[in-house]
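[1] Generate a structure from the sequence data that follows.
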Amino acid sequence: MSGTSSARLEAEDVRRRQLIEATIESLAEVGFAACTLMDIGRRAGVSPGLVAHYFGDKEGLLEATLRSMAGRLSRLVSIRLAEAKSPRARVQAVIDANLAPEEFDRRTASVWLAFWGQVIHSARFKRVQNVYQRRMLSNLRHALKQMVPPRDAQQVAVAIAAVIDGLWLRETLAAEGEPESAGARAIATAFADIQIATVRARVNAADAGPATNGRHAVIRSHIAGRGLAAGKGRTFATVNPATGETLARVEIAGAAEVEAAVASARHGQAVWGGMTGGERGRILRRVAAILRERNDELARLETRDTGRPIQQTSTVDVVSAADCLDHFAALASALADEHVGLGSGAIGYSRSEPLGIVAAFGEASASLFAACRNAGPALAAGNAVVLLTSDRAPLSAARLAEIMTEADMPDGVFNVLHGPAETDRLLRKHPAVTGIAERPTGGSTVIVFDGANLEGAVSGALSAGFGAGSTGARVLVQSTVREAFVEALVARVGRLVVGDPMDPNTQVGALVSEAEMEGALRQIEQAREAGAQVLVGGDRRTEGPLARGAFLAPTVLDLCTDAMAIVCDPSGGPILPVLSFDDEDEAIGRLNAALAGGPAVAVFTRDLAHGQQVIARLHAGTCWLNHYQPMLAGAPLGGFRQAATGGANARSALEPYTRLKHVYAQLDGLAAPR
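    Got it, this is the predicted structure:
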């Protein structure tokens, strides 16, 4: 570029800045209505006609002025953010920059106020203002997310931004004197501190458990969108299995509460079933969004109630629960009548209608995810749900009911009861309950053939026996590779970290209850007496703080048989029985016998063709090939001989919770509506 061209561009840039500064002066002194191109040109010492050359028209000049002011403020914020050394300092940087003396003066404030009054009338001004507001909220939210849960970070960011805008407005409208920058910053700072402290106190209270002043919080049934006290007032304790601490007293739902929940569901379903699938889908997506925003809080609650490691609950459980609801929301939105061609004189169509009231049942392992997986398809199909939580881990499912209400789920659509086997019986046998939603029974099996990648097979076995949501797995390994497989498996299991479930480094936490611990130890001893060999683990961990909780050393049992209770009816816990087989026919025959392999089987073999041959012969609803449990939200789980579920995550999952109605109409001779 020549020196002449460079000088010309520089001169034009100077002229643009002069016009923008003149515009700011004019707006500050005479306001928007009296701000004319003539006045701006006079202040800048140029002809008003130059505005068209540089900015196109007056609105273009005003837009450039607004962009200049927003850009100047953004640069000031960026400088202060770069100097901030902590998340709280970053929040303060945003406050201080927006209320800095060089910005927070009468002249600048009056110009901002002039533009605010015009934003609703100009799409160009609104775009600039939206960018500025989004940038402020993003800076605040990014810093706050490191101090409080994500959902709270968004709310606190909006509140702080509103206070900053309010201070600008108040000072601009003040009758006399210059705005007081230091005082405004002090007000915004105190407000931010109060907001952050309030959220932290709530989160800390949740972490510390519901006990207050020596008394435990009472968890009640959630019926018709609110907590309902049980008539008889009987309760049971839900306990942190890692510490033995009572987390809460949970009211037992009796016959009266079951009746109330069903009556509530009947009213709620009339509203919910009358909504379109798209409307139901939007509410389910809203629930999923809240779950994600409160991931950390819900993960801590799940860990304290179930004993499972925070590294699993924080990265798998809540995320998977939200993904489940998003998937079922999409299916709800896609529900549509299927039309049948009957010629020009008639129409026909089939429609899927909800059953009505579905009873869903919670689980002690992965309680939140199980509640969403079991209730989600029934809700998506337009049913109301009465969920009975596991009496060993009810807290996260109880919290889910509150979140459903917060997401504007109509009252009565999602009801939650707590109680033991008697409550279960009352709910299942209620004549108004038209559907049942629960997980397919049985654990999973990992089958390892000769020629398989042993490292991958061992990883699959570890995931099955000790990973997120594992509930009684077993390994069937071909005899020719059993010794090598077992040696590699034992080495990996011996390195698993057992400890405080709240420690992010812990890989194996506590069993969900003392009863499960007793059952696991009893089954290990029975297996040993029947000829099984304990290769690693097999006993309770009692060193240091583990003595207070239900901690079982990760266990591998070799030389197991199909008849052992620990194989065919496992009580739970980090236990992996190993069985052997000689050939493919034997393995498949044993797995298919009475679904001994459970609803899911992971096949590890030498090649895809052999794996497909094996899978074709297996009576399992879900099969993995050279992998274990990818758990994609849209992937089916279960299904084979599981008519009550239809495949827990598949598109077909909605079918068991609907009834098909066929409609035929003859058009000839029918009077048209007037």
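
[2] okay, and the helix or strand of the protein with the least pLDDT?
    Ranking every helix and strand in the chain by mean pLDDT, DSSP states H and E puts strand 338-341 at the bottom, with a mean of 70.

[3] what lines up beside that strand in the sheet?
    Strand 338-341 has the following sheet partners, assigned by DSSP bridges: strand 346-354 (antiparallel).

[4] What residues of the strand it pairs with count as buried?
    Within strand 346-354, the residues that count as buried by 16 or more other C-beta atoms under 10 Å are 352, 354. The way it works is simple: take the backbone N, C-alpha and C, and place the C-beta from them, glycine included.

[5] what comes into contact with that strand?
    If you take C-beta atoms under 8 Å, 6 or more residues apart in numbering as the criterion, strand 346-354 is touched by 269, 273, 335, 337-342, 381-383, 654-655, 657-668.

[6] and if we set it to 10 Å?
    By C-beta atoms under 10 Å, 6 or more residues apart in numbering, the surrounding residues in contact with strand 346-354 are 269, 272-273, 277, 280, 335-342, 378-384, 434-435, 654-655, 657-668.

[7] Narrow those residues to those in helices?
    Among the contacts of strand 346-354, DSSP state H puts 269, 272, 277, 280, 378, 379, 380 in helices.

[8] neighbours around the fifth one, how many?
    Spelled out, it's residue 378. Residue 378 has 28 neighbouring residues, counting by other C-beta atoms under 10 Å.

[9] what pairs with the closest residue in space to it that isn't next to it in sequence across the strands?
    The shortest distance from residue 378 to any non-neighbouring residue, by C-beta to C-beta, 6 or more residues apart in numbering, is to residue 358 (4.0 Å). Using DSSP bridges, the bridge partners assigned to residue 358 are residue 385, residue 435.

[10] any idea how far residue 358 lies from residue 654?
    Applying C-beta to C-beta, to the nearest Å, the value for residue 358 to residue 654 is 11 Å.

[11] and for these two, which residues touch both?
    Shared contacts of residue 358 and residue 654, defined by C-beta under 10 Å, 6+ apart, comprise 377, 378, 379, 381, 383.

[12] what residues are up against the third one?
    Read it as residue 379. Going by C-beta under 10 Å, 6+ apart, the list of residues near residue 379 reads 272, 280, 283-284, 287, 325, 328-329, 332, 354, 358, 360, 372, 385, 404, 409, 413-414, 437, 654, 657.

[13] Take the shared contacts of residue 358 and residue 654 and lay them out in a markdown table including pLDDT.
    Supplementary listing: the shared contacts of residue 358 and residue 654 in a markdown table, determined by pLDDT from 0 to 100:
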| residue | pLDDT |
| --- | --- |
| 377 | 95 |
| 378 | 96 |
| 379 | 97 |
| 381 | 95 |
| 383 | 97 |
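
[14] just those residues now: which is nearest residue 247?
    Within those, proximity to residue 247 (C-beta to C-beta) peaks at residue 379, which comes in at 27.3 Å.

[15] Quick check: the closest one vs residue 297, distance?
    Distance, residue 379 to residue 297, using C-beta to C-beta: 23 Å.

[16] now swap in residue 372 and tell me
    Noted for residue 372: a distance of 16 Å to residue 297, by C-beta to C-beta.

[17] Check what pLDDT the residue nearest to residue 378 gets.
    On pLDDT, residue 358 comes in at 97.

[18] now swap in the one 3 residues further on and tell me
    pLDDT, residue 361: 95.

[19] what about it, neighbour count?
    In terms of burial, residue 361 registers 20 neighbours under the definition other C-beta under 10 Å.

[20] CA-only coordinates of stretch 356-369, as PDB, when you get a sec.
    Extracted as PDB, the C-alpha positions of stretch 356-369 are listed here (Å, rounded to 0.1, in the frame of the first residue of the first chain):
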ATOM      1  CA  GLY A 356     -53.500 -44.000  31.400                       C
ATOM      2  CA  ILE A 357     -51.600 -44.600  34.700                       C
ATOM      3  CA  VAL A 358     -48.300 -46.400  34.800                       C
ATOM      4  CA  ALA A 359     -46.500 -47.700  37.900                       C
ATOM      5  CA  ALA A 360     -42.800 -47.300  37.700                       C
ATOM      6  CA  PHE A 361     -40.200 -48.700  40.100                       C
ATOM      7  CA  GLY A 362     -36.900 -47.300  41.200                       C
ATOM      8  CA  GLU A 363     -33.600 -49.000  41.800                       C
ATOM      9  CA  ALA A 364     -30.900 -48.700  44.400                       C
ATOM     10  CA  SER A 365     -28.100 -48.600  41.800                       C
ATOM     11  CA  ALA A 366     -28.100 -45.500  39.600                       C
ATOM     12  CA  SER A 367     -31.300 -44.300  41.200                       C
ATOM     13  CA  LEU A 368     -31.800 -41.100  39.200                       C
ATOM     14  CA  PHE A 369     -30.900 -42.700  35.900                       C
END
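
[21] Excluding covalently adjacent residues, which one is nearest to residue 43?
    The shortest distance from residue 43 to any residue that is not its chain neighbour, by C-beta to C-beta, 6+ apart, is 3.8 Å, and that residue is residue 22.

[22] Tell me which helix or strand the one you found sits in.
    Using DSSP states H and E, residue 22 falls within helix 3-34.

[23] and the helix or strand following that helix, what does it pack onto?
    Along the chain past helix 3-34, the next helix or strand (assigned with DSSP H and E) turns out to be helix 37-44. With contacts defined as 3 or more C-beta pairs under 10 Å, 6 or more residues apart in numbering; DSSP states H and E, the secondary structure elements packing on helix 37-44 are helix 3-34, helix 50-55, helix 58-83.

[24] Right, I'll leave it there.
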